[in-house]
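K.L.:
prediction below, plus the sequence it came from.
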There are 2 protein chains.
Amino acid sequence: MNRTRRPFAIEDATDILARTPSTINALLRGLPASWTLAHEGGDTWSPFDVVGHLIHGEQTDWVPRARIILTHGETRAFEKFDRLAQFTASSGRTLPDLLDDFAKLLEENLRDLGSLGLTDADLARTGRHPELGVVTLRQLLATWVAHDLDHVVQISRVLARQYSDEVGSWRAYLRVISGTQG
Amino acid sequence: MNRTRRPFAIEDATDILARTPSTINALLRGLPASWTLAHEGGDTWSPFDVVGHLIHGEQTDWVPRARIILTHGETRAFEKFDRLAQFTASSGRTLPDLLDDFAKLLEENLRDLGSLGLTDADLARTGRHPELGVVTLRQLLATWVAHDLDHVVQISRVLARQYSDEVGSWRAYLRVISGTQG
């Protein structure tokens, strides 16, 4: 068994993606704003910002792009994804409200994905990314999985780094704070 | 408000720590072994290994070390923590069983911690780490929080990296795969 790489499969992707809302709920729901608005300095994102970004992905990125590939192939490039959309879209909203939205949108998108009944031939179909060029549907869906996990990494890291000073000399042992990759 | 650093407080630490079992449950419970035994190559750890490591921390690290500080101060160094204990302790066990154990042990330890009624003066008390030297109780408890979040980072990263090849040219945009820190 190759333990470092896994071939993409729709059932796997759906199983992992369906876990993101409950994972982020467990990490964040009920925390005070002083945690959920924490960030890593400069223009880095808070957990609140990340949840808004995940919502925007559900609305404009993954399944909408899959439909563009299936309908237009390489003839129509994807819309450029707006990485900053959440800074206006989440304004004035509460985190529990955003978490509910994300869970609902993701569930609908996974249902839509299932209803497409994608075959291996479909997964090999190609589309056009505005910056990356030709990509496959399979790559798009694998990226959705890795992307959402990347933001679970980010939320956990932002919370942990709030204690960067408080951990004292243990800092050297904590990769999340020292910044070394394990 | 300083959004990049937070002063340590027992109530915060307890609130964040109590979330780890449900977070890891949401990420892992019910996944097939091909995911939970996945790793990043060489002697890196799988999610299954990480949960065993978290159990060993509950049994021998955080609260036991807090008690050593409160009872012996700097006169008695902590036992050295065995980073490889889970490779024998988890052998033959199932992941759901380990997840249940971790949740139960953490809950007991958080109850024990609460029953100590730690004051600011207690948090300033010092102990002796076998490698790092003099540390405070406050640093130990802040490290517990950052440590457990670090392993949520690790589990999410191990899962995401299974698709390192499948994401194709999106790799450049995914920090969890490209290895750059955000």
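P.N.:
Perfect, I can see it now. Numbers count the residues shown, from 1 in each chain, chains lettered A, B, ... in the order given.

K.L.:
so for residue A:1, what's the pLDDT?
P.N.:
Looking at residue A:1, its pLDDT reads 78.

K.L.:
same question for residue A:179.
P.N.:
Per-residue pLDDT puts residue A:179 at 85.

K.L.:
do the same with residue A:145
P.N.:
Here, the pLDDT recorded for residue A:145 equals 98.

K.L.:
what do you get for the one 4 residues further on?
P.N.:
Here, the pLDDT recorded for residue A:149 equals 98.

K.L.:
buried residues, the helix or strand hosting residue A:98. List them.
P.N.:
Counting by DSSP states H and E, the element that carries residue A:98 is helix A:95-115. Neighbour-count burial for helix A:95-115 flags A:95, A:98, A:99, A:101, A:102, A:103, A:105, A:106, A:109, A:110, A:113 (criterion: 16 or more other Cβ atoms under 10 Å in any protein chain shown). In short, each C-beta sits where N, CA and C put it, glycine included.

K.L.:
ok, and does it reach over to chain B?
P.N.:
No. Between helix A:95-115 and chain B, judged by Cβ under 8 Å from any Cβ of the partner chain, nothing touches; the nearest distance is 11.7 Å.

K.L.:
by contact count, what packs against that helix?
P.N.:
Other helices and strands packing on helix A:95-115, by 3 or more Cβ pairs under 8 Å, 6 or more residues apart in numbering or on different chains; DSSP states H and E, are helix A:10-17, helix A:20-28, helix A:47-60, helix A:62-72.

K.L.:
would you mind putting those helices into TSV with mean neighbour count, distance to chain B and mean pLDDT alongside?
P.N.:
Shown next, in TSV, are these (neighbours: other Cβ atoms under 10 Å in any protein chain shown; distance: least, Cβ to the nearest Cβ, whole Å; pLDDT from 0 to 100):
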stretch	mean neighbour count	distance to chain B	mean pLDDT
helix A:10-17	18	7	97
helix A:20-28	22	4	98
helix A:47-60	22	11	98
helix A:62-72	18	11	98
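
K.L.:
adding distance to residue B:169, write the ones you listed out as CSV.
P.N.:
Listed next are these as CSV, based on distance: least, Cβ to Cβ, whole Å:
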stretch, distance to residue B:169
helix A:10-17, 18
helix A:20-28, 23
helix A:47-60, 18
helix A:62-72, 14
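
K.L.:
contacts made by the helix holding residue A:98 with the rest, please.
P.N.:
A:10, A:14, A:17-18, A:20-22, A:24-25, A:28-29, A:33, A:36, A:47-48, A:51-52, A:54-55, A:58-59, A:62-63, A:66, A:90, A:141 (Cβ atoms under 8 Å, 6 or more residues apart in numbering or on different chains).

K.L.:
can I get that helix in PDB? Just the C-alpha atoms.
P.N.:
What follows is helix A:95-115, C-alpha atoms only, in PDB (Å, rounded to 0.1, in the frame of the first residue of the first chain):
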ATOM      1  CA  LEU A  95     -19.900  33.500  12.700                       C
ATOM      2  CA  PRO A  96     -22.700  31.000  13.700                       C
ATOM      3  CA  ASP A  97     -24.700  32.400  10.800                       C
ATOM      4  CA  LEU A  98     -21.700  31.900   8.400                       C
ATOM      5  CA  LEU A  99     -21.100  28.400   9.700                       C
ATOM      6  CA  ASP A 100     -24.700  27.500   9.000                       C
ATOM      7  CA  ASP A 101     -24.500  28.900   5.500                       C
ATOM      8  CA  PHE A 102     -21.300  27.000   4.700                       C
ATOM      9  CA  ALA A 103     -22.800  23.700   5.900                       C
ATOM     10  CA  LYS A 104     -25.900  24.200   3.900                       C
ATOM     11  CA  LEU A 105     -24.100  25.200   0.700                       C
ATOM     12  CA  LEU A 106     -21.600  22.400   0.900                       C
ATOM     13  CA  GLU A 107     -24.400  19.900   1.400                       C
ATOM     14  CA  GLU A 108     -26.300  21.200  -1.600                       C
ATOM     15  CA  ASN A 109     -23.100  21.100  -3.700                       C
ATOM     16  CA  LEU A 110     -22.200  17.600  -2.700                       C
ATOM     17  CA  ARG A 111     -25.800  16.500  -3.600                       C
ATOM     18  CA  ASP A 112     -25.400  18.300  -7.000                       C
ATOM     19  CA  LEU A 113     -22.100  16.600  -7.600                       C
ATOM     20  CA  GLY A 114     -23.600  13.200  -6.800                       C
ATOM     21  CA  SER A 115     -26.500  13.800  -9.200                       C
END
